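*Asks:* What follows is a predicted structure for the sequence shown.
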Amino acid sequence: MNTGNPFSTAGRPRLTALALALALPALVSAATDSPEDSPQATSASVYADAIGSAHFERSAIKVEQGYTVESGNLYTRDGDTGSLVVVRSPDGSVTAIVNSPDKRGLLTVNAQGKSKFTEEPVVDAQENDVVESNEPMGVDSTIAAEHRYVDALFAYAAYTLGKLESDAVGYALAQTETVNLSLRNSRISDVSLRLAAVAVFGDSNKVLDTSSEGLDNWQSLLSPYRTLFKTDINAAIAGGEGANGRANRPGYTSVNVWWSPTTFAHEMGHNAGGRHCLEQDGVNFNFGHDNGKTKTNLCYGSRAFYYSTPDVLDAYGLPLGNAQTANMARVWRENTARLTGYNPELPGLRVLLVSPSGAQSEASTTLAIPLVIPAGGIHVGVVALSRDIGPTELITESAARETMLTVPLYNAAYNQVPVKLRASRRRGNCTTAMNVAVSCSPYDKLDFNIEYKASDNPALPVGYYNGLLKLKAKSPDSNWSMPINIVISARK
Ligand SMILES: [Zn+2]
C-alpha cells in the first residue's frame with residue numbers, strides 16, 4: 001500500500017470543492033468569477049518560519065464566509081510529518097495551526113503583517129477529559145448518497161477572544177479544519193464539520209473553563225442558541241489553567257482552551273464516541289491508536305491529525321489503527337447520522353456577522369446572492385419577515401442607500417434586546433436600500449451587505465448580543481425567493 005510518499009498512500013480524496021457554501025441554494029450561481037470558484041492560496045512566506053524546512057502539501061482549499069481555508073500535511077526529507085491549517089480573512093489577517101512533531105501551536109498574522117506564534121505545550125498528563133453521557137452511540141453505518149455536515153456552533157468567552165489575536169470566525173474556521181483534515185487524512189469521506197454559527201459571551205459568574213462544571217455550564221448556556229441556529233455540535237473556546245479540553249462522550253459539546261489548537265480534534269473524537277489510545281481493551285474498536293511512531297488524535301502527547309484507522313499507513317509504513325481495537329473511522333461512520341442529525345439545517349443562505357475583539361466593534365459582511373439571471377434580467381430585493389424588524393415589501397426605488405433594521409438579539413441573560421443594523425443591496429455600481437427591487441441593472445450580480453455599528457445603538461448597554469436575523473431575497477418578476485440567515489454576535 002505504501003508507495004513512498006507517506007500519508008498520501010491512501011489515495012487522499014480530493015475534497016477541494018466539498019464545502020463551498022453553507023447551504024445549497026435553490027438556484028446555483030452561473031457566475032464563474034466569484035472567489036469561491038478560484039480560491040487563492042495564502043502566500044507561503046506568511047507561514048515559512050513556522051514550518052521551517054518542511055514542505056506543505058495542500059490537500060484542500062476553499063472559500064467559506066469570505067475566508068480562504070487551506071490545509072494539508074507537512075513533509076520533511078527524513079519522513080517526519082505534520083500538518084498545517086491556514087485561514088486568511090477578507091482583511092488579509094491569517095490564523096494558522098501548525099502541528100508537527102517538533103513544533104506546534106497557533107500562528108496569527110494581523111492585517112498589518114505583525115505575526116505571533118503561541119506554542120502549544122505538549123501535555124503528556126493522562127488526565128481524564130471525558131464526561132460519559134447517556135447519549136446512545138450510533139450504529140448506523142449506512143453510506144449516505146451525499147456528503148453530510150456536522151454544523152458547529154463556536155462559542156467564545158470574551159476574555160479568550162481577547163487573548164487569541166485572531167478573529168472569532170477565522171479561529172473557528174481553523175479549528176473546524178483540523179477536524180476536517182483529520183477526517184480526510186483518515187479517508188473518512190462521508191462527513192465533515194461546517195462552521196454554522198459564532199457566539200461570544202461576556203463576563204459571567206458561571207464557571208466556563210475546561211472543568212466538568214465548565215463543560216456542563218457551556219452546554220446549558222448554548223442550549224437555546226443551538227436550537228435557534230439549528231446547529232449540531234457546540235465547540236466552546238475558553239481560558240483556564242486546567243485541562244486542555246473536555247468533552248461529552250458520546251455527545252455534542254466540548255470545551256477547549258484557546259492556547260491548545262490541536263485539542264479540538266481530540267475532543268471532537270470524544271464527541272464522536274472515541275476513547276483514548278491508552279485505554280484500548282482489545283474488545284471494543286472505538287479507541288485512538290499509538291503505533292509506536294505516530295499517535296492519532298485520541299492519544300495523549302504529540303498527536304498527528306488522524307483518526308485511527310487500519311486502512312491508512314503512516315510515514316513509517318505502520319497502520320494507524322486496527323479493525324478490532326482502534327477504528328475511529330468506523331466510529332465516525334456509525335455516528336455520522338447522530339452527529340449530523342441533531343437539528344435540521346436552516347434552509348437558504350447563511351452568513352456570519354461578528355464584532356472583532358479589540359477597540360473597534362464595528363462589523364460588516366457581504367453575502368453574494370446566487371442568481372441564475374435569465375436573458376431578460378431579473379429584479380431582486382431583500383425583505384424582512386416582520387415589520388418590527390424592517391420592510392417586508394419590495395419597492396421600486398428609494399432615495400435612501402441603506403435600510404435601518406431593528407433586530408432582536410439576546411443579551412447575557414438571554415433576554416431579547418433590540419439592536420440596530422444597516423442593510424443594503426448592491427448590483428454593479430448601484431447601491432440601494434435592501435428592499436429596492438427594480439432600481440439597478442437586472443443583469444448584474446447581487447450583493448447584500450449588513451453592518452453593525454455601536455454608534456447606531458447609543459442606548460444599548462455595554463455587552464455582547466447574539467442572535468439570528470432571518471431575511472428573504474425575492475423577485476417581483478417571479479415566485480423565486482431565497483431565505484437569508486444572518487448569525488450575529490455584536491459587541492457594544
Ligand atoms: Zn481525551
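*Replies:* Alright, I've got the coordinates.
*Asks:* Please identify the buried residues of stretch 65-79?
*Replies:* Within stretch 65-79, the residues that qualify as buried by neighbour count (16 or more other CB atoms under 10 Å) are 65-76. In this view, the C-beta of every residue, glycine as well, is placed from N, C-alpha and C.
*Asks:* Taking the centroid of the protein, which residue is nearest it?
*Replies:* Centroid-nearest residue in the chain, with CA atoms, centre = their mean: Leu195, separated by 2.7 Å.
*Asks:* And the helices in the stretch 201-350 of the chain?
*Replies:* 212-229, 263-272, 328-340 (DSSP state H, counting those that start in this stretch).
*Asks:* Out of those, which gets nearest to Gly463?
*Replies:* Between Gly463 and those, the tightest spacing by CB to CB is seen for helix 212-229, at 14.6 Å.
*Asks:* buried residues in the closest one?
*Replies:* By 16+ other CB under 10 Å, the buried positions in helix 212-229 come out as 212, 214-219, 221-222, 225-226, 228-229.
*Asks:* Name the nearest residue to Tyr307, ignoring sequence neighbours.
*Replies:* Here the nearest residue to Tyr307 in space, its sequence neighbours aside, is Met328; by CB to CB, 6 or more residues apart in numbering that works out to 3.8 Å.
*Asks:* how about that neighbour, what does it touch?
*Replies:* Met328 makes contact with 186, 269, 272, 274, 286-289, 296-298, 307-309, 321 under the criterion CB atoms under 8 Å, 6 or more residues apart in numbering.
*Asks:* ok, now with 10 Å
*Replies:* Listed by CB atoms under 10 Å, 6 or more residues apart in numbering, the contact partners of Met328 are 182-183, 186, 188, 269, 272-275, 285-289, 296-298, 306-309, 320-321, 335.
*Asks:* same thing with Phe287?
*Replies:* Applying CB under 10 Å, 6+ apart to Phe287 gives the contacts 269, 274-281, 296, 298-299, 308, 321-322, 325-328, 331.
*Asks:* Give the buried subset of those residues as a ChimeraX selection command.
*Replies:* In ChimeraX, this line selects whichever of those come out buried by 16+ other CB under 10 Å:
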select :269,274,275,276,277,280,296,298,299,308,321,322,325,326,327,328,331
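*Asks:* The contacts of Phe287 in strands, which ones?
*Replies:* Applying DSSP state E to those, no entry is found in strands.
*Asks:* State the phi and psi torsions of Ser355.
*Replies:* phi -60, psi 140 (degrees, to the nearest 10).
*Asks:* ok, it - how many residues close by?
*Replies:* As a burial measure, Ser355 scores 22 neighbours (other CB atoms under 10 Å).
*Asks:* right, and it touches Ala490 too?
*Replies:* Yes: between Ser355 and Ala490 a contact is recorded at 5.2 Å, counting by CB atoms under 10 Å.
*Asks:* Overlap in contacts, these two.
*Replies:* For the pair Ser355 and Ala490, residues contacting each of them under the criterion CB under 10 Å, 6+ apart are 200, 361-363, 452, 454, 464-465.
*Asks:* Pop the domain breakdown of the chain in here.
*Replies:* 35-340, 349-491 (automatic domain parsing).
*Asks:* starting at the chain centroid, how far to the last one?
*Replies:* Counting by CA atoms, centre = their mean, to the nearest Å, domain 349-491 is centred 22 Å from the centre of its parent chain.
*Asks:* What mean pLDDT does that domain get?
*Replies:* For domain 349-491, the mean pLDDT works out to 96.
*Asks:* what's the span of that domain, first residue to last?
*Replies:* Across domain 349-491, the terminal residues are separated by 24 Å (CA to CA, to the nearest Å).
*Asks:* Looking at the residue nearest to Tyr307 now. What's its pLDDT?
*Replies:* The pLDDT attached to Met328 in the predicted structure is 98.
*Asks:* now do Ala144
*Replies:* The score at Ala144 is 70. That number is its pLDDT.
*Asks:* do the same with the one 10 residues further on
*Replies:* In this model, Phe154 is scored at 98, pLDDT.
*Asks:* again with Asn291
*Replies:* The predicted structure scores Asn291 at 97 on the pLDDT scale.
*Asks:* mind checking how far it is from Asn248?
*Replies:* In this view, Asn291 and Asn248 are 28 Å apart by CB to CB, to the nearest Å.
*Asks:* Which one's more surrounded, the two?
*Replies:* Taking Asn291 and Asn248 together and counting by other CB under 10 Å, Asn248 has the greater number of neighbours (23 against 19).
*Asks:* Now do the same contact list for the nearest residue to the more buried one once chain neighbours are set aside.
*Replies:* Spatially, and ignoring its direct neighbours in sequence, Asn248 is nearest to Ser133 (4.4 Å; CB to CB, 6+ apart). Listed by CB under 10 Å, 6+ apart, the contact set of Ser133 reads 219, 247-253, 270-271, 273.
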